[in-house]
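# structure for this input, please:
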Amino acid sequence: MKNRTIYALLMVLCIIGFWVFDNFYTPATYSNAKEPNINLIGSNFLPSSTTGEIVKHNYYALSYSEAHEQAEWVAYTLKKEHLTYDDRERPYFIEDPQVSTKSADWRNYRGSGYDRGHLLPAGDRRFSEQAYNETFYTSNISPQDKYFNAGIWNRLEQKVRYWCKKYGEVMVVTGGVLENNLIEIGDEDVDVPHFFYKIVMRGNGDNAKVVAFLIPAKESQKALQSFVVSIDEIEEKTGIDFFEKQPKVWQLEIESKVDTGGWKF
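Sure, this is the predicted structure:
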């Protein structure tokens, strides 16, 4: 009888321990103050921020929207040497310590029916443990339907890697379209976007080639070309000025185009 009582108490303690670990444990930050910001887009190509909360990590930058508990954009550079197949241990999702209000806890997603969808894909940062782990800040995720995340969104991410291999370095800006009256999940009311966008650019100045996508947040078997839009259209939906520091003439020329001619699909 005594042994059974001890066994029962141990079981209860184990259950409590697992519950506390699952609900309250957060590993240390992934940031590395000693490592320079070496792979960011030049500041003259960063988009505007509608929130004023721009965060620069070692390998990407973002603008965080506290009202929506996610980034309104994530910006990064992808180079050929980044495209490795290094095996990385998947880390925990953790709150972003550089967001002044901290980013949403990953537990908001649990039981919601939505994936924790990366904006900067972890697969684009396998070349370095530091770079890979940084993609697991919750400031770099957004609620996504699992079929969308594993389907057309994944196909677009793979296409961007293909373009990087074919053409060389590309710049990417991506995020969900953050609007009013969206469905919310979790205790922190993380908004679920109806649309996601991705803007890809290579070259600069008069040689710049840009292609932009606006995709409903559900799986589709349509060709990626079906979702190509002008940057002007994405700016209208998001309120973000994506190339605000570029010359106005350049913006008028580049941002109004819907042109897939310079990109092999």
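
# can you map out the helices along the protein?
Ranges of helices in the chain, per DSSP state H, are 2-24, 129-134, 146-150, 152-167, 231-238, 248-255.

# if you average pLDDT over each of these, which comes out lowest?
Sorting those by mean pLDDT places helix 2-24 lowest, at a mean of 50.

# how about Arg97: what's its closest non-neighbour residue?
Actually, residue 97 is Pro rather than Arg. Thr29 (4.8 Å; CB to CB, 6 or more residues apart in numbering). Backbone N, C-alpha and C define where each C-beta goes, glycine included.

# that neighbour: how many residues sit nearby?
By other CB atoms under 10 Å, the residues close to Thr29 number 15.

# from what I can see it touches Pro91, true?
No. Taking contacts as CB atoms under 8 Å, Thr29 lies outside contact range of Pro91: 11.3 Å.

# name the residues of stretch 160-177 that are buried.
Using 16 or more other CB atoms under 10 Å as the test for burial, stretch 160-177 gives 160-161, 163-164, 167, 170-177.

# relative to Lys56, how far out is Asp259?
According to CB to CB, to the nearest Å, Asp259 stands 31 Å off from Lys56.

# please apply the same query to Ser43.
Ser43 sits 9 Å away from Lys56, going by CB to CB.

# more neighbours: those two, which one.
Lys56 (14 against 10).

# okay, and the beta partners of the more buried one?
Beta bridges link Lys56 to Ala61, judged by DSSP bridges.

# from Ser139, how far out is it?
Computed as CB to CB, the Lys56 to Ser139 distance reads 12 Å.

# what does Gly123 give?
18 Å.

# again with Val229
Going from Val229 to Ser139 by CB to CB gives 25 Å.

# in the stretch 151-265 of the chain, which spans are strands?
Here the stretch 151-265 of the chain has its strands, by DSSP state E, counting those that start in this stretch, at 170-176, 184-185, 190-191, 195-202, 209-216, 228-229.

# list the contacts of Arg88.
By CB atoms under 8 Å, 6 or more residues apart in numbering, the contact list for Arg88 reads Ala122, Arg126, Glu129, Tyr132.

# give me the buried subset of those residues.
When the contacts of Arg88 are checked for burial by 16+ other CB under 10 Å, the buried set is Ala122, Arg126, Tyr132.

# returning to what we had before: show me which of the buried residues of stretch 160-177 is closest to Trp73.
Of all these, Trp73 sits closest to Gly175, with 4.3 Å by CB to CB.
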